[in-house]
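**Student:** Dropping a prediction and its sequence here:
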Amino acid sequence: VVTLSLLMYPVLRSLTLQLHSAITGSYISGTHSIAFINCLNEQIARDIARAIMDKKLAAYVNILPKSSALYFWEGEVEESTEILLLVKTRTSKIGELSNYVRSIHPFEIPETISLPIDQGNPLYLKWLEESVPRD
């Protein structure tokens, strides 16, 4: 019984949080994420952002202007300028987003990393929820 209880805890906790959220209208921390994707130039950034939106993998994409980047590549320190995409989406879509970006991105190893959204404007978070289809 104890082992079964321990194994069921994550499922029961998730269901309890979802029920609480449905009843109270509160946000479940981590339901959505912000993904960071680097791009070589503005045209590539716009093309990737548009493709992400067309596939309904995000509710919103910011295209941030040029930034300087330093990184290791093949044992050497490289320097470049890049455009950064900030992609707001469901956390459950991050894997699909990452796979899709790898399939269309010109970089050999494109950056796609994400951070969960802990809290925010409830109306904005609700809009995110409504804008990105469930799995």
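**Tutor:** Arrived safely, thanks for sending. Numbers count the residues shown, from 1 in each chain.
**Student:** Just read off the phi/psi values of Val87.
**Tutor:** phi -110, psi 120 (degrees, to the nearest 10).
**Student:** That one - nearest residue in space that isn't next to it in sequence?
**Tutor:** Closest residue in space to Val87, ignoring its immediate chain neighbours: Ala35 at 4.1 Å, by C-beta to C-beta, 6 or more residues apart in numbering. Where you see a C-beta, it was placed from the backbone N, CA and C, and this is true even at glycine.
**Student:** that's a strand at that neighbour, yeah?
**Tutor:** Yes. Counting by DSSP: H, G, I helix; E, B strand; the rest coil, Ala35 is located in a strand.
**Student:** Next, count neighbours for it.
**Tutor:** 24 (other C-beta atoms under 10 Å).
**Student:** What is the burial count for the nearest residue to Asp135 once chain neighbours are set aside?
**Tutor:** Once flanking residues are discounted, Asp135 sits nearest to Ser92: 5.3 Å by C-beta to C-beta, 6+ apart. Ser92: 13 surrounding residues under other C-beta under 10 Å.
**Student:** what about Ser92, distance to Met53?
**Tutor:** Here the criterion is C-beta to C-beta, to the nearest Å. By it, Ser92 lies 18 Å from Met53.
**Student:** next one: Pro106
**Tutor:** As judged by C-beta to C-beta, Pro106 and Met53 stand 19 Å apart.
**Student:** Show the subsequent helix or strand relative to the helix or strand that contains Glu78.
**Tutor:** According to DSSP states H and E, Glu78 maps onto strand 76-90. Sequence-wise, the next helix or strand downstream of strand 76-90 (DSSP H and E) is helix 94-104.
**Student:** Now do the contacts for Leu114.
**Tutor:** Check again: residue 114 is Ser, not Leu. Counting by C-beta atoms under 8 Å, 6 or more residues apart in numbering, Ser114 touches Ser33, Ile34, Ala35, Phe36, Thr91, Ile94.
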